[in-house]
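[1] Sequence and computational prediction follow.
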Amino acid sequence: MTRLIFLGPPGAGKGTQAKTLANHCDIPHISTGDILRQALKDQTPLGIKAQSYMDRGELVPDQLVEEMVEERLCKPDAKSGWILDGFPRTVKQAAFLGELLQKLEQQGEKVVNLDVPDDIVVDRLLQRGRSDDTEEVIRRRLEVYRSETAPLIDYYGDRHLLITVNGNQSLEEVTADLKNAIAS
Ligand code: AMP
């Protein structure tokens, strides 16, 4: 059973790797960023509430994202495992997730930290060209990552759930390291 949480700064390649690995393991890839972008496109109440935060590179309020993740993990396909990409992003979300997994009897999760140096991350983000990838928004997203999300590395390290993978390699090398890491 594979239950994986992907950590790493924006631009670390989380989305690409999470998708590849989810395909390989035949389990759903659950990206909170993707769900929010779809909600925004469809102009659902959730999308409308989330838009201003996303446009500024800020985090959408915990409660909105937590409800979204709970709903998603309750779907039948999540019973066979999953890869979470972009959640949790705060210590509060991590505590929520821990309780949720207990409630749903979906424990046994591992956490992968995709480690990429800062300068590489900025270069990659500037090349990506997503609508929320302007330089100012990128800078803000990195600040938010450092203050809100990076503490999760210690949070999960302290709980002995953390696996660190070097994300500063070719796509194929990172994928190979990830497959090894989850197999062991
Ligand atoms: P991502 O595609 O993961 O980079 O997410 C894009 C944007 O969606 C982020 O900059 C946040 O505004 C929002 N977002 C995604 N996941 C979360 C989360 N777990 N908590 C709060 N905001 C989130």
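    Looks like it came in fine. In this text the structure is predicted, and so the values were computed from the model without any measurement.
[2] contacts and neighbour counts: CA atoms only from here.
    Fine.
[3] ranges for the strands of the chain?
    Assigned by DSSP state E, the chain shows strands spanning 2-7, 29-31, 81-85, 110-115, 162-166.
[4] okay, these in CSV with distance to the ligand next?
    Rendered in CSV, the data for those read as follows (distance: least, CA to the nearest ligand atom, whole Å):
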stretch, distance to the ligand
strand 2-7, 10
strand 29-31, 7
strand 81-85, 7
strand 110-115, 14
strand 162-166, 18
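[5] Contact partners for the residue lying closest to Asp177 once chain neighbours are set aside?
    Among residues not flanking Asp177 along the chain, Val165 sits closest, at 6.8 Å (CA to CA, 6 or more residues apart in numbering). For Val165, the contacting residues are Val112, Asn113, Leu114, Asp115, Val174, Asp177, Leu178, Ala181, taking CA atoms under 8 Å, 6 or more residues apart in numbering as the criterion.
[6] Quick check, central residue of the protein?
    Per CA atoms, centre = their mean, the C-alpha nearest to the average position across the chain is that of Gly86, at 1.9 Å.
[7] What score does it have for pLDDT?
    Turning to Gly86, the model gives it a pLDDT of 97.
[8] returning to that earlier point: mean neighbour count, the strands of the chain: which tops it?
    The highest mean neighbour count among the strands of the chain belongs to strand 81-85 (a mean of 24), with neighbours defined as mean count of other CA atoms under 10 Å.
[9] Pull the CA coordinates from that one and hand them back as CSV.
    This file holds the C-alpha atoms of strand 81-85, laid out as CSV (Å, rounded to 0.1, in the frame of the first residue of the first chain):
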residue,chain,number,x,y,z
GLY,A,81,-3.4,4.3,-1.7
TRP,A,82,-2.6,7.8,-3.0
ILE,A,83,0.1,10.5,-3.5
LEU,A,84,-0.6,13.8,-1.9
ASP,A,85,1.1,16.7,-3.7
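[10] quick one: it to chain centroid distance?
    Between the mean C-alpha location of strand 81-85 and the chain-wide mean there is a distance of 9 Å, by CA atoms, centre = their mean, to the nearest Å.
[11] neighbours around Gln17, how many?
    Under the neighbour criterion other CA atoms under 10 Å, Gln17 is assigned a count of 20.
[12] residue contacts, it?
    For Gln17, the contact set (CA under 8 Å, 6+ apart) comprises Leu171, Val174, Thr175.
[13] Which PyMOL command selects the buried ones in those residues?
    Buried members of those can be picked out in PyMOL with the line below, counting by 16 or more other CA atoms under 10 Å:
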select buried, resi 174+175
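[14] what's Leu114 in contact with, if anything?
    Listed by CA under 8 Å, 6+ apart, the contact partners of Leu114 are Phe6, Leu7, Gly8, Pro9, Ala12, Gly13, Lys14, Thr164, Val165, Asn166, Gly167.
[15] rerun that using 7 Å as the cut-off
    Leu7, Gly8, Ala12, Thr164, Val165, Asn166, Gly167 (CA atoms under 7 Å, 6 or more residues apart in numbering).
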